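Trainee: Prediction below, plus the sequence it came from.
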Amino acid sequence: SHETLLAEARSLGAVHELVPTDTVLMPSPLTHISGIVHALLVPAVYGTTAVLLDRWEPGEALALVGRERVTYMVGAPTFLRDLAEHPTLASSDTSSFRLFSCGGAAVDPTLVRESAARLGCVVKRVYGSTEFPTVTTSGPDDPPARRVETEGRPIGAVELRIVDEAGEPVPAGHEGEILARGPECFVGYRDPALNAEAFTPDGWFRTGDLGAVDAAGALRITGRRKDIIIRKGENISARELEELIAMHPAVAEVAVIGLPDTVAGEVACAVLRPRPGTSLPTLADLAAHLTDHGLSRRKLPERLELVADFPRTASGKILKRALREQLGGGR
């Protein structure tokens, strides 16, 4: 709603200590929640300036930082890595750049530490989603280790709760599902059936993510309950891919999983059990099949694995966690 988005803009301005002379370089489109909040609403509330890109090109972005005196950016790890590793960084004027707020996918502490040194600015992690744009991040008074190793603490009036499978709060340091509530939370989905699953009876939003909170209240993400792959900050539904891939005549059974990637955060891996007597599908075959069925090319899987069978539960359900471990993805 207008109220939740306005609350988000105000909270971010406070935690980032924004003033009218600040300028954001926004790599995400205005159709993305980051673009809406940081390039439209925050400037409207705080009088800051937003610089937009038609397409992401790190060399151009570095040139804009110097030319427009950009002071901060908000984006996925892909954008941060591209800037920090670009060959023109050493010759670029980044003296105005003071902050990169990084989230939207798994953020490697090493990336945070090394990028901060290369860019000469504060780099901190942030946790949120389209439904709840910012749940946690680090503030100006937080120690550097908290910015590097955790997603920070709840912003503004946001509340955080970690619960077990029964919905009961767990002690500090213990993993559980992350629940959040506060003025930044969306009002709900258009489908009432989805809302029943997304919210607890007392109004907490079930993020579907797993994490733990330390004694100081800082959050560390440990995994996801939702079957969503986050690639370069974009959400890809594993279920959507599975339903379309299952329509391929050579596929008997399929599971789509996210595997860690140093550049994209995660990549989509389609694991297939081929149908006997058919030609084994290739990744190119799969891509053609998916695009023929209307799937956007940005959602195509990057990796294909063929298996004789899947690891399963006693009831026959595919064990995706075990599948990730087999393919070197852990989690």
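Mentor: That came through fine. Just so it is clear, the model here is predicted, and its values are computed rather than measured.
Trainee: May I ask which helix or strand encompasses residue 242?
Mentor: helix 238-245 (DSSP states H and E).
Trainee: Which strands or helices does that helix pack on?
Mentor: Helix 238-245 sits against strand 251-261, strand 265-274, helix 283-292, with contacts defined as 3 or more CB pairs under 8 Å, 6 or more residues apart in numbering; DSSP states H and E. From N, CA and C alone the C-beta is placed, and that goes for glycine too.
Trainee: And it, what's buried?
Mentor: Buried positions in helix 238-245, judged by neighbour count with 16 or more other CB atoms under 10 Å: 238, 241, 242, 244, 245.
Trainee: correct me, but the third one touches residue 256?
Mentor: Yes - here residue 242 reaches residue 256: they are 5.1 Å apart, a contact under CB atoms under 8 Å.
Trainee: so where's the longest helix in the chain?
Mentor: For the chain, the helix with the greatest residue count under DSSP state H is helix 2-15.
Trainee: which other residues reach that helix?
Mentor: 18, 36-38, 41-42, 44-46, 133-134, 137, 139-140, 155-158, 182-187 (CB atoms under 8 Å, 6 or more residues apart in numbering).
Trainee: What subset of these is buried?
Mentor: Buried members of the contacts of helix 2-15, scored by 16+ other CB under 10 Å, are 18, 36-38, 41-42, 46, 133-134, 137, 155, 158, 182, 184-186.
Trainee: and which of the residues you listed is nearest residue 111?
Mentor: residue 137 (16.1 Å; CB to CB).
Trainee: And that closest one, what's its pLDDT?
Mentor: For residue 137, the model assigns a pLDDT of 96.
Trainee: And for residue 55?
Mentor: pLDDT for residue 55: 87.
Trainee: That one: neighbour count?
Mentor: Residue 55 has 7 neighbours, counted by other CB atoms under 10 Å.
Trainee: Quick check: which element contains it?
Mentor: Using DSSP H and E, residue 55 sits within no helix or strand.
Trainee: How about residue 147?
Mentor: Per DSSP H and E: helix 144-149 holds residue 147.
Trainee: any idea of the mean pLDDT in that helix?
Mentor: Here helix 144-149 scores 94 as its mean pLDDT.
Trainee: Adjacent strands (with direction) for whatever helix or strand comes next after that helix?
Mentor: Using DSSP H and E, the helix or strand that follows helix 144-149 in sequence is strand 153-154. Here strand 153-154 is paired, per DSSP bridges, with strand 136-137 (antiparallel).
Trainee: burial count for the closest residue to residue 129 other than its chain neighbours?
Mentor: Distances taken as CB to CB, 6 or more residues apart in numbering place residue 207 nearest to residue 129, at 6.7 Å, with adjacent residues excluded. For residue 207, the count of nearby residues is 23 (other CB under 10 Å).
Trainee: Could you do the one 4 residues further on as well?
Mentor: Burial of residue 211 is recorded as 22 neighbouring residues (other CB under 10 Å).
Trainee: for residue 208, same thing?
Mentor: Taking other CB under 10 Å as the criterion, the count of residues near residue 208 is 16.
Trainee: ok, now the one 10 residues further on?
Mentor: Neighbourhood size, residue 218 [other CB under 10 Å]: 24.
Trainee: Quick one: mean pLDDT over the helix holding residue 242.
Mentor: Mean per-residue pLDDT for helix 238-245: 87.
Trainee: what does stretch 103-123 give?
Mentor: Mean predicted confidence for stretch 103-123 is 90.
Trainee: which residues are contacting that stretch?
Mentor: Against stretch 103-123 from outside (CB under 8 Å, 6+ apart): 34, 74-78, 80-81, 83-85, 89, 94-95, 97-100, 102, 124-128, 137, 147-149, 151, 221, 230-233, 260, 262, 264-266.
Trainee: If any of the residues you listed are buried, put those into a ChimeraX selection.
Mentor: Only the buried entries of these go into this ChimeraX selection, using 16+ other CB under 10 Å:
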select :34,74,75,76,77,78,80,81,83,84,89,94,97,98,99,100,102,124,125,126,127,128,137,147,148,151,221,230,231,232,233,264,265,266
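Trainee: Point out the ones among the contacts of stretch 103-123 that are inside helices.
Mentor: Using DSSP H, the members of those that fall within helices are 34, 77, 78, 80, 81, 83, 84, 147, 148, 149.
Trainee: ok, of those, which one's closest to residue 324?
Mentor: Among the ones in helices among the contacts of stretch 103-123, residue 77 lies closest to residue 324 (CB to CB), at 19.4 Å.
Trainee: mind listing what that closest one touches?
Mentor: By CB under 8 Å, 6+ apart, the contact set of residue 77 is 102, 104, 105, 106, 107, 108, 111, 233, 265.
Trainee: Could you do residue 19 as well?
Mentor: Residue 19 touches 46, 48, counting by CB under 8 Å, 6+ apart.
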